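**Student:** generate a structure from the sequence data that follows.
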Amino acid sequence: MKRRQALKSLGLSLGTITITPSFLGLLQSCQNNPDWNPVFFEKKHINLISELSDLIIPSDDEVPGSKELNLIKFIDLYVLNVNSENDKTLLANSTNLFFKDCLKKSSKDDVTNINQNDLKFSLEYFFENKKLQKKWSSDFAKFKNGSKDLSNDEVIEASSYNFLTTIRQLTITAFKGNELIGEKVLAYSPIPGQQKGCVDLQSATGGKAWSL
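**Tutor:** Coordinates of the predicted model:
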């Protein structure tokens, strides 16, 4: 799949998070730090999460993708520095349940045996199944609020969907905030000019999304 097609299907303009200038600084520091170890996600999961983010934003001949840009560093640091303690607990739980779901769907018994095809299957299952996405979101909200009415399978799928949407949001935000991508790929203006309303993206930037 071409990178442009992947971004279109997963929604580059959707699912981002609001990020302040101070956390853009965090993003830049990640890019310049060669000595890095994960601080939030478990080591046994970090390479698989990096693979997931690369499936969301893969490389092509013209533009580097998530792995080339080392976006996993920002994703890991952002969660540690920004998320509330409760949200960290929920995400850690969702991460474990996602990989449990991965093992079940791939009929494997150890997370080290999960491969890119297994991750791609999970992405397609959760992001292309539009009919169930509202249910997963609703179920996760119930689970987050302590509901005991959900089955174990419902909790696992709802938590897996929450994990993937979180990784997608952070991956897209990190990509759009990356210095190379912001200046060389997306529409970039170091000194913003006047605001022009009712102008379509094609006319304003040649179809490019604005960098963060």
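**Student:** okay, buried residues for stretch 119-133 please.
**Tutor:** Buried positions in stretch 119-133, judged by neighbour count with 16 or more other CB atoms under 10 Å: Leu119, Ser122, Leu123, Tyr125, Phe126, Phe127. In short, each C-beta sits where N, CA and C put it, glycine included.
**Student:** my guess is Ala158 contacts Lys134, does it?
**Tutor:** No. The pair Ala158 / Lys134 is not scored as a contact, 11.0 Å apart, by CB atoms under 8 Å.
**Student:** ok, the two, which is more surrounded?
**Tutor:** Set Ala158 next to Lys134 and count neighbours by other CB atoms under 10 Å: Ala158 wins out with 24 against 9.
**Student:** state the distance from the more buried one to Lys144.
**Tutor:** Taking CB to CB, to the nearest Å as the measure, Ala158 falls 9 Å from Lys144.
**Student:** pLDDT (mean, whole number) over stretch 76-96?
**Tutor:** Mean per-residue pLDDT for stretch 76-96: 94.
**Student:** CA atoms of it as CSV?
**Tutor:** Provided in CSV are the C-alpha atoms of stretch 76-96 (Å, rounded to 0.1, in the frame of the first residue of the first chain):
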residue,chain,number,x,y,z
ASP,A,76,6.6,6.9,25.0
LEU,A,77,7.8,10.2,26.6
TYR,A,78,4.5,12.0,25.9
VAL,A,79,2.5,9.4,27.8
LEU,A,80,4.9,9.5,30.8
ASN,A,81,5.0,13.4,31.0
VAL,A,82,1.5,14.4,30.0
ASN,A,83,-1.0,11.6,30.9
SER,A,84,-2.6,11.6,34.3
GLU,A,85,-1.8,8.7,36.6
ASN,A,86,-5.3,7.3,36.0
ASP,A,87,-4.9,7.5,32.2
LYS,A,88,-1.4,5.9,32.5
THR,A,89,-2.9,3.0,34.4
LEU,A,90,-5.7,2.6,31.8
LEU,A,91,-3.3,2.8,28.9
ALA,A,92,-0.9,0.3,30.5
ASN,A,93,-3.9,-2.0,31.0
SER,A,94,-5.1,-1.4,27.4
THR,A,95,-1.7,-2.2,26.1
ASN,A,96,-1.6,-5.6,27.9
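**Student:** show me what counts as buried in it.
**Tutor:** Asp76, Leu77, Tyr78, Val79, Asn83, Leu90, Leu91, Ala92, Ser94, Thr95, Asn96.
**Student:** what does stretch 65-73 give?
**Tutor:** Residues Gly65, Ser66, Lys67, Leu69, Asn70, Leu71, Ile72, Lys73 are the ones in stretch 65-73 that count as buried (16+ other CB under 10 Å).
**Student:** for that stretch, the averaged confidence score.
**Tutor:** 88.
**Student:** in helices, which of the buried residues of stretch 76-96 fall?
**Tutor:** The members of these that map onto helices under DSSP state H are Asp76, Leu77, Tyr78, Val79, Leu90, Leu91, Ala92, Ser94, Thr95, Asn96.
**Student:** can you pull the poorly scored residue ranges out of this structure?
**Tutor:** Residue ranges of the chain with pLDDT under 70: 1-35, 178-212.
**Student:** which residues in it form helices?
**Tutor:** Using DSSP H, helices in the chain cover 3-10, 21-31, 43-56, 66-69, 71-82, 85-106, 116-128, 130-144, 152-177, 179-184, 201-205.
**Student:** before I go, just wanted to say thanks for your time.
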